[in-house]
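S.K.: dropping a prediction and its sequence here:
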Amino acid sequence: MQASALTLVRGRREHLANLMEGLALQTRRPAELVIAWMQDEPFADLPDPGCPVRHLLVPGDPMPLALARNRAAAAASGELLVFLDVDCIPAPGVVAAYAAAAEARDGLFLGEVLYLPAGATDGGLDFDRLDRLGRVHPAKPPVPARGLREEPDAGELWGLSFALARARYAGVGGMDERFAGYGGEETDLALRLSASGLPFFWTAGARCYHQHHPVRVPPLHHFDHILRNAALFRERHGRWCMDYWLGQFRDAGLIDWGDREIRLLRRPSAGEIEASGHGAAERLFS
């Protein structure tokens, strides 16, 4: 089974370079890397990922995440789509693990992601060092030491690293491009894939490392996108997504959030948005 690696990029040049270097070290290299650029032009002087690179321009505001993923998937030549967030460095066995899983089972495959502190990649990629420094996300279940473990909750789809057959992705129409900006499109895709009968599996050996970057908790800089996309999700599925963020918005007095609707009380101030970045990483892992 031929695998196409896919990633979306806006900014994050150094993160992309590390992702590409990680692909060059794969024990089973992908047939290609497809980069959907959500900016006006690609970066120059990027490292060789050890496979052909296909470039697509998909600019737009707010970030066209669903559209960019669909364009990348449509352009891919491989039977297996391996979606990697630009912040993720794949360990050497990622493509091999996903491909072996997909050759054995029909499913959507999820991989472990460890979160790195700042400076973890200074001096190049040292995977032993990344293993020592990486932190497991507290909200995620443990990954099996070998083989696959079925995941009954489709909501566990992790957009940072996952893989599935191209035919399965196309069979549900890909991501819903009505979702624009941050949030909702991945969970919507997961529920539609699950409804189609596709099982989900945590996959041993498909470890990635999430590179450090500033975050905001809660993500107040995406406030309007989250409200819009959450309402769109509820309209389609009859329930809310991004409950964690909506609850934090409610607790901050920004929204009145009930079973049926969200009522805007006020938008976050510039000061609140700025403050949401102070100590955000610690809050994320607390």
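M.R.: Good, I have the coordinates.
S.K.: which non-adjacent residue is nearest residue 13?
M.R.: residue 43 (5.0 Å; C-beta to C-beta, 6 or more residues apart in numbering). C-beta coordinates here come from the backbone N, C-alpha and C atoms, glycine included.
S.K.: residue 232 reaches residue 183, doesn't it?
M.R.: No. Taking contacts as C-beta atoms under 8 Å, residue 232 lies outside contact range of residue 183: 9.9 Å.
S.K.: who has more neighbours out of those two?
M.R.: Between residue 232 and residue 183, residue 183 has the larger neighbour count (other C-beta atoms under 10 Å), namely 22 against 19.
S.K.: pull the longest helix from the chain.
M.R.: When the chain is parsed with DSSP state H, its longest helix is helix 223-237.
S.K.: list the helices and strands that one packs on?
M.R.: helix 185-195, helix 243-251, strand 262-264 (3 or more C-beta pairs under 8 Å, 6 or more residues apart in numbering; DSSP states H and E).
S.K.: so which bits of the longest one are buried?
M.R.: In other words, helix 185-195. Buried residues in helix 185-195, counted by 16 or more other C-beta atoms under 10 Å: 185, 186, 187, 188, 189, 190, 191, 192, 193, 194.
S.K.: what does the very next helix or strand once past that helix rub up against?
M.R.: Moving toward the C-terminus from helix 185-195, the next helix or strand (DSSP states H and E) is strand 200-203. For strand 200-203, the external contacting residues (C-beta atoms under 8 Å, 6 or more residues apart in numbering) are 97-98, 101, 105, 107-112, 141, 143-144, 148-154, 156-157, 163, 190, 193-194.
S.K.: partner strands of strand 200-203, with direction?
M.R.: The pairing partners recorded for strand 200-203 under DSSP bridges are strand 108-110 (parallel), strand 148-151 (antiparallel).
S.K.: other SSEs contacting the helix or strand just after the last one?
M.R.: In other words, strand 148-151. In the C-terminal direction, the helix or strand that comes right after strand 148-151 (DSSP H and E) is strand 161-165. Using 3+ C-beta pairs under 8 Å, 6+ apart as the contact criterion, the elements in contact with strand 161-165 are strand 80-84, helix 94-104, strand 108-110.
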